[in-house]
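Q: Fold the following.
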Amino acid sequence: MNKLLMKLLLLGIAGAIYLLTGRNRRQIEKIPEGMEILCEPPGRRYLVYALGVFVFLGIMLISVLYIMDGAPKEARGMWVVCVAMAIFILMLTMWIGNMIAKSCVYFNQDYIQIERPFRETQIVKWYEIRRVGGNYKNAIQLYRLDETKILTAYISMVNYERFCDVLKQKLKMEELT
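A: Residues are numbered from 1 along each chain as shown. Predicted coordinates:
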């Protein structure tokens, strides 16, 4: 019962964050004209945010109850450390969620544009892909001629099927030439 309650609470917080932050509008607005997006589902990012908010609110609730119960003055330093850690965890989960949002791939019929946190944008033409590893049912890895891995795409990603369709089409066209 406790696990169910915690999951429901996390989903509720994630839903509230989703509604408050504009329903993923910022990520949708960043999609370049004429391209499609391949990215992690936004729900994962919102669950990371919700986990941080849940921990923060839980520690703050315990702290308020602790002070209202007449906390001894000698223990207030430890209380400050707990509150500081709650704030740190909240900021860390917000940062991790933003890194998940930054990690996306834009694609069209001409090229793939790979966005990753702390790296420059990488643009790969479809003809530069020389090998596809994995299988289309779970995950695929794209490699260059020198066996450098370009990208791994998972079935759980948004627009995975469309990405695979474009990839298959481009691989067939390359076989004909």
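Q: How about the helix or strand containing residue 45, which residues are buried there?
A: Using DSSP states H and E, residue 45 sits within helix 42-68. Buried residues in helix 42-68, defined by neighbour count with 16 or more other C-beta atoms under 10 Å: 42, 45-56, 59, 63. Where you see a C-beta, it was placed from the backbone N, CA and C, and this is true even at glycine.
Q: try stretch 150-164
A: Using 16+ other C-beta under 10 Å as the test for burial, stretch 150-164 gives 150-151, 153, 157-160, 163-164.
Q: Contacts only, for residue 40.
A: Counting by C-beta atoms under 8 Å, 6 or more residues apart in numbering, residue 40 touches 100, 103-104, 156-158.
Q: let's go with 10 Å and repeat that
A: If you count contacts by C-beta atoms under 10 Å, 6 or more residues apart in numbering, residue 40 has them with 100-101, 103-104, 154, 156-158.
Q: Adding distance to residue 139, write the residues you listed out as TSV.
A: Below are these laid out as TSV (distance: C-beta to C-beta, whole Å):
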residue	distance to residue 139
100	17
101	20
103	15
104	16
154	5
156	9
157	9
158	14
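Q: now these as JSON lines including pLDDT, secondary structure and distance to residue 146?
A: Converted to JSON lines, the contacts of residue 40 look like this (pLDDT from 0 to 100; DSSP: H, G, I helix; E, B strand; the rest coil; distance: C-beta to C-beta, whole Å):
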{"residue": "100", "pLDDT": "90", "secondary structure": "helix", "distance to residue 146": "29"}
{"residue": "101", "pLDDT": "87", "secondary structure": "helix", "distance to residue 146": "31"}
{"residue": "103", "pLDDT": "91", "secondary structure": "coil", "distance to residue 146": "24"}
{"residue": "104", "pLDDT": "92", "secondary structure": "strand", "distance to residue 146": "25"}
{"residue": "154", "pLDDT": "95", "secondary structure": "strand", "distance to residue 146": "24"}
{"residue": "156", "pLDDT": "93", "secondary structure": "coil", "distance to residue 146": "29"}
{"residue": "157", "pLDDT": "94", "secondary structure": "coil", "distance to residue 146": "25"}
{"residue": "158", "pLDDT": "92", "secondary structure": "strand", "distance to residue 146": "30"}
